[in-house]
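Q: sharing a model that was predicted from the sequence below.
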Amino acid sequence: MMTKKILIVAPDRTVRLMAGFTLQLEDYEILEAEDMQGAMEKLDAGLRPALILNGLDLIRSNGAEFVAAVRKRPEFRFVPILTLADEAVLRRQAEWKEVGVTGWISQPFTGRQLLEMVNLVMF
């Protein structure tokens with residue numbers, strides 16, 4: 001069986017490490033980017049993740065801009081995208097859904113909560 005790849009896009013290194021460590025324990029291959037530019041470069045280079053986990057505030061852009069840019073590409077139309085959400089995102093769920101977010105994980109989150117949500121949206 002091929003290992004599923006997850007792209008974690010977040011400026012906070014601690015968030016990337018914690019989420020990545022948790023997901024690696026479940027045999028996911030983790031790739032990281034700290035911003036939209038780094039993530040788009042990985043996607044342009046041929047990365048085809050099974051899931052994208054993105055932060056709300058990215059360096060030089062925001063999470064919504066990143067999700068919209070990813071969703072414009074047909075090859076990523078059905079890739080689940082989970083957003084690490086704060087209360088501002090949770091108050092505007094309809095807007096985030098419209099941009100193309102599959103779901104969100106409230107911050108702070110536990111490893112168990114992260115795994116439950118990832119397993120819920122992976123197919």
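A: Perfect, I can see it now. Residues are numbered from 1 along each chain as shown.

Q: so where is this protein shaky, pLDDT-wise?
A: Within the chain, the ranges that satisfy pLDDT under 70 run 1, 57-61, 89, 123.

Q: that one: helices as residue ranges?
A: Remark: helices assigned in the chain by DSSP state H are 13-24, 36-44, 63-71, 87-91, 93-99, 111-121.

Q: mind giving me the packing neighbours of the second one?
A: Meaning helix 36-44. Judged by 3 or more C-beta pairs under 8 Å, 6 or more residues apart in numbering; DSSP states H and E, the packing partners of helix 36-44 are strand 5-9, strand 29-33, helix 63-71. C-beta coordinates here come from the backbone N, C-alpha and C atoms, glycine included.

Q: the shortest one too?
A: Packed against helix 87-91, as judged by 3+ C-beta pairs under 8 Å, 6+ apart, are the following elements: strand 103-106.

Q: mind doing that once more with 10 Å?
A: On a contact count with 3 or more C-beta pairs under 10 Å, 6 or more residues apart in numbering; DSSP states H and E, helix 87-91 meets helix 93-99, strand 103-106.
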